[in-house]
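1. Task: produce atomic coordinates for the following.
(2 chains)
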Amino acid sequence: MNRSNQTKEMVADGISDAECVRRVQRGETDAFETLVRRHEKTIFNLVYRMLGDAEEAAEVSQEVFLSAFRAAGQFRGDANFSTWLYRIAINHASTRRKTLNSRQRKVVPIESADSLHDPQPGPLEILEKQEIREKVQFALNQLEPDDAAVILLRDMQDVSYNEVAHVLEIPVGTVKSRLHRARQALKSRLKSYFSAERKAV
Amino acid sequence: MTCAEVQLLLSEYIEKSLDTIRLKAVESHLLACPCCRAETEGLMDCIRQISDLPLLDPPIGFTQRVMAHVREIETKPTVWWRLFSSFRIGVPIQATAVVLVAVLAVFLYQKESQISENGASRAIFPTPPSPLSDNRSGAKLEEPTASAQRRADAPGQANSKASAISSPNAESRKKASGAALTEQAKPKTSSSTNVEANSAGDVKDPLPRRGPIQAQEIATGMEGLRSSGEGFGFGPTIGGSLRPGFFLPERSLSPITEPTADAEFVVRRRETQTRDQNGIARSESARQSAESDIAPAVTKQTLASPPSQSSSMTVREIRWFAVPAEQYEQFRKDLVSEATIDSEKTIGVSERDFALKSNRELLIKVIIVSPAER
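-> Prediction:
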């Protein structure tokens, strides 16, 4: 999963996130580059799934890292840097979502790179999968930002309940109930598609 | 276990985070309940869809762009830093401003007090109520203890007292020189109402007109009595640029407020002049037969009272002059040409320099004395 990839990266660099942050706090700006490289994909995908727009996601992700750099002095190291970064990302994405919702929401373009992740896909299968993902993204966009965030953190990023609780600053019990509620909300939105799919199968 | 209870545990069942007891309870329920089985499948599908979402790579050059902005932030002062720096600079500016204002305030205060001091001095100038001028006045017969204020308050009483204290033969003399006494009493009354203790005697002695001295006479306390051009040559009409002096009678009533003179001269009228004057006085008073008898007696009585003065001199008048510092020498020269200086207490060089620099006028006290009439 993603988290294990992060751990591998951290080991490969030989410096933990906390050490990087300490270096940034000491004025070693280059250490921040390590943090950006380590977390850019996670943050970009989280933001992208919350917004459903790659362009917006790139912009917001950049803002997330710049905010993190500006606030690096406030990072006390009592939580994971990733947890802290997730929180910033969710706040930024939620704010942007509100702005986007207030404007005429764009039709979400589906990523062309998706096919690369599936080994040897047939043309029909590609089309089908793309359709499903569009539906899923559409359903995510319909959810409340907090519900979308909890689903994405838990089911996409495989973040532990404890960490999700830290990111959203809510108790673990609340994370569980909110996750259940969010999943049911997503399921009901995808119901029609799944039922149609089953019928086809 | 009911369906509702099971559905609440489905998320944890799917994630396999249930304890053994609850796991077995849910499993047995799902076997029996197709509805909850469908719900479970739906949720699993949902989770799978999310976890199956492909992870996209961020745009190419994302890190470089972020770092470029980071370095921009690093070199550009942040809002907080700018606020802080402006605050840091602001404090010295404010402190400097406070110091400057304080210095200015002190400077202005000093200037102000100097001005008001000068103003006060001018206001006080017409206050020459020295005991000397009192004693040489026409009311010389008055007992020495009688205060000036009393005289000012009750001039009529003073007059009557003057008559009463007159020597035992005053009665007869009064008869003989009734006119002279009346003449003496008159100026006294008017001076009392105007400015206390002015020399009534001076008024009676018209002096020959002298050339003007280049100085501004502030006041002599005689304005109310003296006719223009009269006096010791220090007429108010001298030197075209003459300014009229202040004259505040109510202030002049207080002898405490007499200003401190920068320079003081005791001058004596020239002998010839004095003789002339006496001659005129005598010829004037010749008509009154008793006059010549009284005058020496009066003078003798007076001589005892001003102990500071030489026994042979009588203070005739005290005059105050405000002379610009640069004209001090000229004033002194003129004074020398006018009269004989008996004694002088002149201003120090350093004081004069200061007066010159601060553009201040010097306050000069001129005590005019005349040789006692024998």
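2. Flag every buried residue along stretch B:45-59.
-> Residues of stretch B:45-59 classed as buried: B:45-47, B:49-50, B:53, B:55-56, B:58-59 (neighbour count, 16 or more other CB atoms under 10 Å in any protein chain shown). (C-beta placed from N, C-alpha, C; glycine too.)
3. And the pLDDT at residue 49?
-> Since no chain was named, I'll use chain A. Residue-level confidence at A:R49 comes out at 94, pLDDT.
4. Chain B, not that one
-> Taken from the predicted model, the pLDDT recorded for B:Q49 is 88.
5. what helix or strand is it on?
-> Under the criterion DSSP states H and E, the helix or strand holding B:Q49 is helix B:34-51.
6. Show me what from the stretch 51-200 of chain B comes close to chain A.
-> Within reach of chain A by CB under 8 Å from any CB of the partner chain, the stretch 51-200 of chain B has these residues: B:51, B:53-59, B:62-63, B:65-67, B:69-71, B:73-74, B:78.
7. Contact partners for B:L335?
-> B:L335 is in contact with B:213, B:265, B:267, B:341, B:366, counting by CB atoms under 8 Å, 6 or more residues apart in numbering or on different chains.
8. repeat for A:H39
-> Under the criterion of CB under 8 Å, 6+ apart, the contact partners of A:H39 comprise A:6, A:65, A:81-82, A:85.
9. same question, A:T29
-> If a contact means CB under 8 Å, 6+ apart, then A:T29 has B:67, B:70-71, B:74 as its contacts.
10. Can you tell me how far it is from B:V26?
-> As defined by CB to CB, to the nearest Å, A:T29 lies at a distance of 52 Å from B:V26.
11. rewinding a little: looking at the buried residues of stretch B:45-59, which is nearest A:R189?
-> Top of the list for closeness to A:R189, among those and by CB to CB, is B:C46 at 9.2 Å.
12. quick one on the thing from earlier: list the buried ones in the helix or strand that the helix holding B:Q49 is followed by?
-> Reading on from helix B:34-51 to the C-terminus, the next helix or strand found by DSSP H and E is helix B:62-75. Within helix B:62-75, the residues that qualify as buried by neighbour count (16+ other CB under 10 Å) are B:62-63, B:65-67, B:70.
13. Would you mind giving the residues you listed as CSV with pLDDT and distance to B:Y328 added?
-> Compiled in CSV, these are given as follows (pLDDT from 0 to 100; distance: CB to CB, whole Å):
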residue, pLDDT, distance to B:Y328
B:F62, 93, 90
B:T63, 92, 88
B:R65, 92, 85
B:V66, 92, 84
B:M67, 92, 82
B:V70, 88, 78
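14. Flag the shaky bits of the stretch 51-200 of chain B, pLDDT-wise.
-> In the predicted model, the stretch 51-200 of chain B carries pLDDT under 70 at residues B:76-93, B:116-200.
15. who are the neighbours in contact with A:D147?
-> Contact partners of A:D147, counting by CB under 8 Å, 6+ apart, are A:178, A:181-182, A:185-186.
16. restrict those to those near chain B?
-> The subset of the contacts of A:D147 within reach of chain B, counting by CB under 8 Å from any CB, consists of A:L186.
17. Filter the contacts of A:D147 down to the buried ones.
-> A:178, A:182, A:185-186.
18. export those to CSV and tack on secondary structure and pLDDT?
-> Formatted as CSV, the entries for those read as follows, by DSSP: H, G, I helix; E, B strand; the rest coil; pLDDT from 0 to 100:
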residue, secondary structure, pLDDT
A:R178, helix, 92
A:A182, helix, 93
A:A185, helix, 91
A:L186, helix, 91
